[in-house]
Each structure stands twice: as structure tokens, then as C-alpha cells.
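Asker: next one to model:
(2 chains, ligands or ions: 2)
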Amino acid sequence: MLLKEGEIRIPAGCAISGFISRDGNKMNGGDIVKSISYMHDRSNGLGGGFAGYGIYPEYKDYYAFHVFYDSNEAREKTERFLDRHFDVINLSRIPTKKVPSITNEPLIWRYFVNPLPTKIAASQLDEKEFVAKCVIRINNDIEGAYVFSSGKNMGVFKAVGFPEDVGEFYRLEEYEGYAWTAHGRYPTNTPGWWGGAHPFALLDYTIVHNGEISSYDANRRFIEMFGYKCTLLTDTEVITYIFDWLNRKQELSLEDIASIIAAPFWSEIDEIEKKGPQKAAKLRYFRNTMSSLLITGPFSIILGYTGGIMALNDRLKLRSMVVAEKKDIVYIASEECAIRAICPDCENVWSPKGGEPVIVTLSEEGKRKCL
Amino acid sequence: MPVNFFPAEFEVVRNSDRCIKCRACERQCSNEVHIYDADFDKMLSRDNQCVDCQRCVSICPVSALKIVPNENAFRKSANYSQQLMIENYRQAGSGGVLLSSMGNPQDYPVYWDKILINASQVTNPPIDPLREPMETKVFLGKKPAGIKKNPDGSIDTHTEPYLELNMPILFSAMSYGSISKNAHESLARAATELGTYYNTGEGGLHKDFYQYGKNTIVQVASGRFGVFKDYLDTGAAIEIKMGQGAKPGIGGHLPGAKIREDVSKTRMIPMGTDAISPAPHHDIYSIEDLRQLIFSLKEATEYKKPVIVKVAAVHNVAAIASGIARSGADIIAIDGFRGGTGAAPTRIRDNVGIPIELALAAVDQRLRDEGIRNEVSIIAAGSVRSSADAVKAIALGADAVYIGTPALLALGCHLCRSCHSGKCNWGIATQRPDLVKRLNPDVGYQRLVNLVNAWNHEIKEIMGGMGINSIEALRGNRLMLRGIGLSQKELDILGILHAGE
Ligand code: SF4
Ligand code: SF4
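Answerer: Ligands and ions are numbered 1, 2, ... in the order given. Model (predicted):
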């Protein structure tokens, strides 16, 4: 019997791609679909997905929930739950288009919501934590319901299929965003569950990841101490939780997070020591106290968040990843062809070193336009 | 003619064609097994005194000797083994408690041998430790629950005191008194060279070894032998010994014969008196008392040293460990029931306590369930026999392992399990100067360094195979383990899947 995602850990290889306009210029979702389609052979038709930022400007102050339902019953239950905890501003099916290769689609709904202030107060949590908890509740407790996107002014679109077909299915050419990421999955086997496709998202954090981390269970068992529950057993899920914990809850900068999860080798820290004892002290501190969050084994990830994206490779750089620029746009992809596909004359093409984060954020102008 | 109720356990087999009657075995055997008969110009043996320490075999210049189990057999019974019968004869003769040493030799399951390790294939590349950095540095101590910031927004990098190890292996507690000064010196120097720690055990610290303080863990046990300010100040960490895997619930007894001048000075007790450690610490009758001792020791050393609490693996070890973690300890050492000892009542050694594998898995999981795994580091002890055992222990959740018996093996010990007699022919578990001098610390320390370095190479090799290039990514990484031939209950406790799953 094939076990469902979450009941068994499935290794996967993948393709990733992403770009951001620093100045917050809107870019069409069709571009990201085109980009990832050039790495067709890195996927095997068993999962594809996208994340777009800045795509819901008219609802930018509301959490956008994208939900898969196996049945109308699951939808009704979930909607009752949403009504109890949120002010639901708008709800609708997510528009899709029939694509022959995409089959077995669940019901796919979108809600723009705001948590009820009385409920937040009663929970004694801050707003984001409250929302995150509600999402986890739905996913764990309501059979057949799965919230796969829950941030503000952003959205995840994913399915079982090749990424280009998934993009067509969700009609991504109808969306405009300042940043996009994409994922094509090559799992070694799959139960074909849509929730198992990537990106994985929590609030506005999304992760697309290519690799298979060897530290998985060490990371999982550590992060689960802080109230997370890894139900999908995927790398992407645990990496997202690590970012959420370190960035949102511990308020560490993305640079610092990179030096925890892809920590420099001790030999490198000794070199850094010679230049500046203060920086070395911090790195030592991280390696001592946050050692269970070190991620080993091959990975290349793109983290998307409100206002920026970050790319990171494992410290040995066991997965390919290139970065290129053109004017205010920065492109990141597993292979250069995926960048050239949408920007043939891109400049400054380079391969970031293992463990060296590439962080691109909106410029002041971009922030003004998009946030 | 007295009746001998039981035969000698071993038979000394001497090849008289080879023996040149050099009498080396006679001179070297502290058990006086070998004697030269001048009338017949022949070497004779008193088999019944032989403990099979293999010293004579190792030194015989012509390889004339072999010690074999005596094949004489009592009538077979699946219920009453020959061993049990002999023990009863012994007690009927002596009226005393049976004494043993070294670890529990009984045929209980060894879980290490029922756990298999993973390796990378295809989806994730193995890493070659000869080409890529492979890191085994470990920090032991309390870790903060989260990031603290300074008023200026920078990160507060202050930590609780910790131990820094180049490899996840420490030498476990063996007291001066139970082992010789040369053995101690070998351990101290090896720990220093390796960048790890050895442990004084409960016998205090010889003045000559204060120079190795940076790599010394000083133990405070129920007898409080040799504990005073300088001792505490000298060590890098302080270990409170609440129990020992080989004899949970039992104190210690070092016979007066072993309390010669130096030992008496170091232990701060009169020469020739028995050194008796009570079963409990008489100032610790409950967990809140333990907390007080932990903080008295911290207070005495100005909060500069981590405090380790060592407990024997007993049935409710997980709850005990969680209590210890909440009592201010920085590190918990858990000692499994196969752990070694210089002397223990046989019935206790062989029947009390639980295997370290299960205890460790239960403790690590409990601390995680309670969200306090970060509050303490865990050292697993009590029969970690090889680098593979160490890897499995770390993957189950240990931060590091204590090794005792393997260290003694490096010094020449042949596990004859007669340490309690004080006549160790290898110069280890003895205070007889003629025997002690057989262990040359210059050689001994080098052999210890070799052993641990060899293990560490193997650990790196195994890690590399799994695609892990730093030991912290192995810690608690139970997905890297699979059980073989284990019941679902055992797998659940170990928190691992069965091979093939
Ligand atoms: S040491 Fe060997 S050769 Fe020498 S007396 Fe003993 S058995 Fe004979
Ligand atoms: S230390 Fe000596 S007496 Fe003890 S088991 Fe080893 S060889 Fe025998």
C-alpha cells in the first residue's frame, strides 16, 4: 500500500526558480511559469507549485487562505471554524482552467479573512501566532481540509503535475506580483496528494527547496519542542518552521539565520576570528546554542516573505543554484537556462557559495508601491 | 583431604615442548598461578587461582601458554547453570556477598547490536571525510531557550558555562584508588591531547594531576572523598555521582588494602581504612536536595563550571532525568546497567538497572516532550563499546558518550573481571607498586589517544556515509537508525523504525 505524504518520508529531487523586482514593479505570473518550464527534466510530473507576492493589492490587509477540500463536508466544517474565529471578508473558488494532465483536483477555495479581535485577546497570542495556530488546527483536525497558503497579499498555487501545467491550471498569467517563486518536484514515489506539492507555506513565509537534507530528524525533533508539528515529513516543511521560529519568533535577521542553518565550518570561523572577534563570537554562539538547527545534506532553497526573497545553498553547495540580475530584477534558479528563458540578456550571472545567503529586499520605492 | 566443591574455572595449558622455563610467568603473575618445581625442573600451574587476565600469555617469549575454559562440566541444567552452582558453593563456603567487577556479562539483549545505521544512495550524496571538512566538535551544557538581545539590538552571546570537546567522547569516571596512578596519568594526558575530558571518579585528584585540570571532570560522590575547594576549582566541570550503572542503589567500597599513602592523601582518609561511600548522599534524600547541592557547588565555584549529574539507568529514569534537568544541572550522564565497575555485588551488577539504549531513548524523548531538551546535555554511558555504538547513541539523542572499559582495554585490560582483588596484572586496577609500574603512562596515554582518534575517524566515516558533515546534525537524528529483530514495543521506546520500513 502506498502511504500518503506525512505517513512516510519521500525523498525528492527538484527544480526551483524565483525572481523579485526591487522597485516593486509588477511582473506577470506567466513569466515564472515560463522560467520553471525550462527545467522540465528536473521534475517528473508529480508536483509543481508557485508563490506570488503582491498579488492581492485590493485585499492587502487581509490574510488570504487558499484551501484544498476533499469534500463539501470538509468545506462546511472549515467554514464554520473560520466564521467562529475570523471575519471573512470575501470567499470564492480559486479560478482554474481544465488542463488534460491535471486530474483528481480537490475543491480549491480562497478566503480573505481577519482574525476576530475578541478571539485574539482570549487566546493571549499575538495576531500572527493566532492565525498560524488556526491554520495548523484546520490542517490537523478537519479531515479533508488543508490550508496551503495563509499570508497577506500573497498566495501559493500548487498541484500534482508538471509545474507548467500547474501554472496553466491556476491561470497564473492573470496575476501580477513583485516577487515569484516556483517549484518542480521529482519525488521518488508519491501518493499524489496535492498538499504534498511545494511551495510549503506558513503565514507569508514560503519555501521552495531542492535537495534532501540528512539532518532532517535532528531538525524536526528540535523544532517540535517549540509547538510545531511536522505532519508532512518533508524537508520543506521543517525548513519553513525553522525560518518561522528563528525569524518571526526569535527575531533573528535572515543573515543570522543563514549562519545557523548553513553554519560556517569551524575552520572558517577561525579565519573570521582573525578579522573580527565579535563576529566570530556570534558565530560560535550560534554553533553552540543553535546546533540542532544546522541543516546538512544537499539543499538549495528560496524563501519568499513579505518584501523580499532569500536564496541559500547548503554549506558544501551540493545543489546547483545561480543568480543573475537585470536592472532592478534579481533572478534565482537551479539552472541558468531558467533565467535566460525569461531574461535572455541578464547580467552578473553568478553561483553563490555554499552557505552564502543571497537576500534581496524591496527598495524604498518598492516598499512604497507594494507594502 | 578437603573436598573441592568446584573445579578451577580455567585451565592453564603449557606446551612443554616450547617452554624454556624462563619463569617470566611466575614472576609476573600476581595470582601466583605459575610455580617452578626445581626437583623436576618443570613449570607447574595452580589453575584454580587463574583469573584469565592473559598477562602470562602476552609476555611468554615462546608463546608456550594458553588459558582455556575448564571443560569439566557439571550435569547440564537449563535452570541451574554451572556458574550459578559454583556461586552457591562459594557463598556456602564464605557466607559473604558475591563480588564482581567490570560490566554485567549476562546474556541480556544488547540493543546496539540490533540497530542498523543508514547511508546515502542516489537522492543525497555521501560525503568523503578525506575531501570535505567533517566536524565532530561538541559543546556540553545548558543552551538558552531562545535568542536574547542586548539593549542596542545586538545578540547577547553570553552562555552558561560549558565543556567544549573535539569529539563526542569522554573518559568515564574511574577513581584513583580503584585504578592506579599510572592509569590516571595516562587518562589525564590523553584527554588533554585529544581535547576532551577524563573524570576523577570519587577518589579525589592527585596533586601531580592538577596540571591537567582544564581537561578534568572532578566528581563529588556520596563519600565526598578528596573534595575541597582547590579540587573543585581545578576541574573544568563538577560531576555529582548519584548512581552508577553497574550498581544502582549501592555505594562503593574500596578495601583498606588499596588505601596506601598516596591514595589516603588524595582521598583525605587515614591509611589502611576502608573507603566506604554510602548508598545515598546523606544530604540528598529528594530532588530539591539535589538542587541545593548543585547550587552549593556552583556557588563555591562562582558559576564558572558546568555541573553534571550522573545517574544509573533505572526503570523511571526518564522522569528522574526530567527532574534533574529542572534542578539546575547542566549535563546529565546516564549510566546503563552494563557499565563497568571496580567492584560491585554480583547480584546487583547482574540484575539491577536497564540498558542504556532504552534509557537514553526514553530520556531524550521525555525531555523533548517537555520542551526542555535544551536545558541539559546528555552523556550516555554504560557500555559504549565501539565507534558504531557511539554513533547510534548520538543518533538516539546523546550529545556525547563516556567510555570506560574501552579505555582500559587500550591500557592492556583483558576484562578478567577481577579488579576487586586489587591484583591487576596489567597495572591498572591495583595499587601494588610492582604491578603499577608495568603500566607505562608514556605508552598508555599514546594508546588512549590512538584509540579515541581511531574511533573519531570511524565516526566521521559513518557520518559521511549518511551525508552528514557535522555531528550536531546526527544528534537525535533517529531516522538514521533502523531496528532489526526488535518487537514493536522496543522500536517504540527506541523511537526508530524497523529495517525495511
Ligand atoms: S613465560 Fe612462557 S616460557 Fe617462560 S616459564 Fe612461563 S610458560 Fe615457560
Ligand atoms: S583492570 Fe585488570 S583486573 Fe580489572 S578486568 Fe582489567 S585486567 Fe582484569
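Asker: could you list the low-pLDDT ranges of the chain?
Answerer: Just so you know, I chose chain A. By pLDDT under 70, the low-scoring segments of chain A are A:1-13, A:188-192.
Asker: should've been chain B
Answerer: The model of chain B has pLDDT under 70 over residues B:1.
Asker: do that again at 50, thanks
Answerer: Scanning chain B with the threshold set as pLDDT under 50 gives no residue ranges.
Asker: quick one: contacts for residue B:147?
Answerer: Shown here is residue B:147, whose contacts under the criterion Cβ atoms under 8 Å, 6 or more residues apart in numbering or on different chains are A:246, A:250-252, B:155-156. For every residue, glycine as well, the C-beta is placed using N, CA and C.
Asker: so it, which of the three states?
Answerer: When the structure is split into helix, strand and coil by DSSP: H, G, I helix; E, B strand; the rest coil, residue B:147 lands in coil.
Asker: which residue lies nearest the spatial centre of chain B?
Answerer: In chain B, the C-alpha nearest the mean C-alpha coordinate belongs to residue B:404, at 2.9 Å (Cα atoms, centre = their mean).
Asker: next one: that residue from residue B:307, what distance?
Answerer: Computed as Cβ to Cβ, to the nearest Å, the residue B:404 to residue B:307 distance reads 21 Å.
Asker: contacts only, for the nearest residue to residue B:418 once chain neighbours are set aside.
Answerer: Using Cβ to Cβ, 6 or more residues apart in numbering or on different chains and skipping the chain neighbours, the partner closest in space to residue B:418 is residue B:51 (4.3 Å). Contacts were defined as Cβ under 8 Å, 6+ apart; by that measure residue B:51 touches B:10, B:31, B:416-418, B:421.
Asker: filter those residues down to just the ones in strands.
Answerer: Counting by DSSP state E, the members of the contacts of residue B:51 that fall within strands are residue B:10.
Asker: and which of the contacts of residue B:51 is nearest to chain A?
Answerer: Within the contacts of residue B:51, the smallest distance to chain A is 37.5 Å, found for residue B:417 (Cβ to the nearest Cβ).
Asker: hmm, that closest one is touching residue B:102, no?
Answerer: Yes. Under the criterion of Cβ atoms under 8 Å, residue B:417 lies in contact with residue B:102, with a separation of 4.4 Å.
Asker: between those two, which one's more packed in?
Answerer: Between residue B:417 and residue B:102, residue B:102 has the larger neighbour count (other Cβ atoms under 10 Å in any protein chain shown), namely 25 against 20.
Asker: excluding chain neighbours, give the residue nearest to residue B:444 in space.
Answerer: Of all residues not flanking residue B:444 in the chain, residue B:186 sits nearest, at 3.2 Å (Cβ to Cβ, 6+ apart).
Asker: can you get me a residue count around that neighbour?
Answerer: The local packing of residue B:186 (other Cβ under 10 Å) involves 29 other residues.
Asker: so who does it touch?
Answerer: The neighbourhood of residue B:186, defined by Cβ under 8 Å, 6+ apart, consists of B:411, B:439, B:441, B:444-445, B:447-448.
Asker: among those residues, who's most crowded?
Answerer: Highest neighbour count within the contacts of residue B:186, by other Cβ under 10 Å: residue B:448, with 28 neighbours.
Asker: and it, that's in a helix?
Answerer: Yes. When three-state DSSP is applied, residue B:448 is found to be in a helix.
Asker: the contacts of residue B:51: which two are farthest apart?
Answerer: The largest distance within those, taken as Cβ to Cβ, falls between B:10 and B:421 and amounts to 14.8 Å.
Asker: related to what we said a few turns ago, can I get the contacts of residue B:186 in JSON lines with distance to ligand 2?
Answerer: What follows is the contacts of residue B:186, written out as JSON lines (distance: Cβ to the nearest ligand atom, whole Å):
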{"residue": "B:411", "distance to ligand 2": "8"}
{"residue": "B:439", "distance to ligand 2": "10"}
{"residue": "B:441", "distance to ligand 2": "15"}
{"residue": "B:444", "distance to ligand 2": "12"}
{"residue": "B:445", "distance to ligand 2": "17"}
{"residue": "B:447", "distance to ligand 2": "14"}
{"residue": "B:448", "distance to ligand 2": "14"}
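Asker: which of those residues lies closest to residue B:38?
Answerer: Within the contacts of residue B:186, the smallest distance to residue B:38 is 31.7 Å, found for residue B:439 (Cβ to Cβ).
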